[in-house]
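S.K.: The sequence and its predicted three-dimensional model are supplied below.
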Amino acid sequence: MHTKTLTYAGWGRVHRATGEVARPERQSALARMVKERPGPAIGNLRSYGDVCLNDGGLAVDMTRLDRMMALDPETGVLTVEAGVRIGDLARILAPQGWLPAVMPGTGFATVGGAIANDVHGKNHHHVGSFGQHVRAMTVLTGQGAQQAVPESDLFAATVGGMGQTGVIATAELQLAPTKGDVIMVTERRITDWDDHLAHLDASTATYTVGWIDATATGSALGRGILEEAETGAGLVPPQKRAKTVPVDAPGFALAPPVVRLFNAAYWRRVPARGRTVGKPIGDFFFPLDKIHDWNRLYGKAGFHQFQCVVPLDQADALRAMLEQIAKAGVASPLAVLKRMGPGRAGLMSFPMEGYTLAVDFHAGETTERLVRALEQATHAAGGRIYLAKDSLGTPGMVREMYPERERWAEIVAQHDPEGAMSTDLIRRLKLRDVA
């Protein structure tokens, strides 16, 4: 198959790779390529660090394998190719009464990427992770095409397994019923950390997420906005056309004083009494997709995202991390706090029952020192970092965060003994090493 040599990057633009990229358009071409010259699959490159990079090697671009193959309108069972985008599924299926059961923060994520990273959404506390709603999938391995079902080792190693067992070709998904393509969102101001956790714990809404002002200190530490949402039907303003960031922003665009002012204004945009508004579904689930190439706001150097989850009884440790972030003065407006349930589908899946915090930071030496300190605090609290977002983790610490890693590595070795599916992150963290 024809390939092209490209330089490409993760969404954070800190790590880059140069290598051959193939872009098959048919399942037959994909199967032939994996058999003759295997390489890891990539999608729309929305994972933040280097999990989607294979510097010096071959990568298989799956974005043209994006067909919806079959839908049972009675049961909501959908079969798709792995390159289909989550946002396209939501847009097409919501008017028919169905949605992907779990949706990450961007609609540009592909189904294959959602499985490989076992993504979670704003309803994890109720329904678990993406992989828990996969009924079956076809994985192209060194032994040919194999069906992976939830009871199998191949399934457990593929979901959340970062593409290491082989290339996910197709998947059968169980969709969730929806009342329509409108979502009613109740927004309320949150005054501080304890208030934030109390509201997250008490929420019974289907979808719940907290925006957190990561620059607030003192008695305002942890303030933010809680959003609780339910799907519905009705008329709302149409979704606005996405805007594009055409160039890399200058350094002062997200300078600390600018971010503090923006965050304060953003917090006050919600009335003190709260409010309920109707939105197009995409505006709630994928708010940043309205700004194409928003990662360029961080400039040429790119950015790091730190995302961790800690057990429920370690909330004080997470508060201490937020204090570190606020005092460092390098946080951006993009910071999210959620409560997670126990649901996870794979041996290397990120979710665990607890609280998860995600914050973006300008790349730089100060940020690197801060993120490394936050990762150490996460480890000490018995939590873990999200490998789909990681760009700074170290092998020993990360491997301890994922206690089933060695079992996963053994299964991966059975299906990819030559290491053809390894990526830069896998090599950096030595995740496939077996004692």
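M.R.: Yes, it's here.

S.K.: Does residue 343 touch residue 133 like I think?
M.R.: No: if you go by C-beta atoms under 8 Å, residue 343 and residue 133 don't touch, sitting 9.9 Å apart. Any C-beta I mention is one placed from the backbone N, CA and C, and that applies to glycine too.

S.K.: which residues are common contacts for the two?
M.R.: Jointly contacting residue 343 and residue 133 under the rule C-beta atoms under 8 Å, 6 or more residues apart in numbering are residue 127.

S.K.: before we move on, what SS does residue 272 have?
M.R.: Following DSSP: H, G, I helix; E, B strand; the rest coil, we place residue 272 in the coil state.

S.K.: Just the local confidence number for it, please.
M.R.: For residue 272, the model assigns a pLDDT of 93.

S.K.: what does the one 3 residues further on give?
M.R.: Per-residue confidence for residue 275 comes out at a pLDDT of 97.

S.K.: Tell me how the protein divides into domains.
M.R.: Following automatic domain parsing, one finds the domains of the chain at 68-178, 182-396.

S.K.: Switch these over to CSV; also include distance to residue 414 and mean neighbour count.
M.R.: Formatted as CSV, those follow (distance: least, C-beta to C-beta, whole Å; neighbours: other C-beta atoms under 10 Å):
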stretch, distance to residue 414, mean neighbour count
domain 68-178, 8, 22
domain 182-396, 13, 18
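
S.K.: so which of these comes closest to residue 15?
M.R.: Proximity to residue 15 (C-beta to C-beta) singles out domain 182-396 among these, at 5.9 Å.

S.K.: Report the distance from that closest one to the chain centre.
M.R.: Offset of domain 182-396 from its chain centre (C-alpha atoms, centre = their mean, to the nearest Å): 12 Å.

S.K.: Do a quick rundown of the helices in the stretch 1-150 of the chain.
M.R.: Remark: helices assigned in the stretch 1-150 of the chain by DSSP state H, counting those that start in this stretch are 27-36, 86-93, 111-116, 124-127.

S.K.: Including distance to residue 172 and mean pLDDT, could those helices go into CSV?
M.R.: Formatted as CSV, the helices of the stretch 1-150 of the chain follow (distance: least, C-beta to C-beta, whole Å; pLDDT from 0 to 100):
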stretch, distance to residue 172, mean pLDDT
helix 27-36, 15, 95
helix 86-93, 13, 97
helix 111-116, 10, 98
helix 124-127, 17, 97
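
S.K.: Take the domains of the chain and write them to TSV, including distance to residue 21.
M.R.: Shown next, in TSV, are these (distance: least, C-beta to C-beta, whole Å):
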stretch	distance to residue 21
domain 68-178	14
domain 182-396	19
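
S.K.: Those: which one's closest to residue 402?
M.R.: Of all the domains of the chain, domain 182-396 sits nearest to residue 402, with 5.7 Å by C-beta to C-beta.

S.K.: give me every residue that touches residue 108.
M.R.: Residue 108 touches 44, 46, 85, 86, 87, 286, 289, counting by C-beta under 8 Å, 6+ apart.

S.K.: hmm, which helix or strand of this protein has the shakiest average pLDDT?
M.R.: Sorting the helices and strands of the chain by mean pLDDT, DSSP states H and E puts strand 243-244 at the bottom, at a mean of 86.

S.K.: residues making contact with the next helix or strand after that strand?
M.R.: Next helix or strand after strand 243-244 toward the C-terminus (DSSP states H and E): helix 256-268. Contacting residues not belonging to helix 256-268 are listed as 189, 211, 213-216, 223-225, 252, 329-333 [C-beta under 8 Å, 6+ apart].

S.K.: and if you look at stretch 362-373?
M.R.: 12, 14, 254, 298-299, 301-304, 306, 324-325, 328, 330, 332, 361, 392, 394.

S.K.: what do you get for stretch 417-432?
M.R.: 15, 17, 38-40, 49-55, 142, 162-167, 348, 387, 390, 393-395, 398-399, 405, 409, 412-413.

S.K.: Quote the end-to-end distance of that stretch.
M.R.: Stretch 417-432 has an end-to-end distance of 10 Å (criterion: C-alpha to C-alpha, to the nearest Å).
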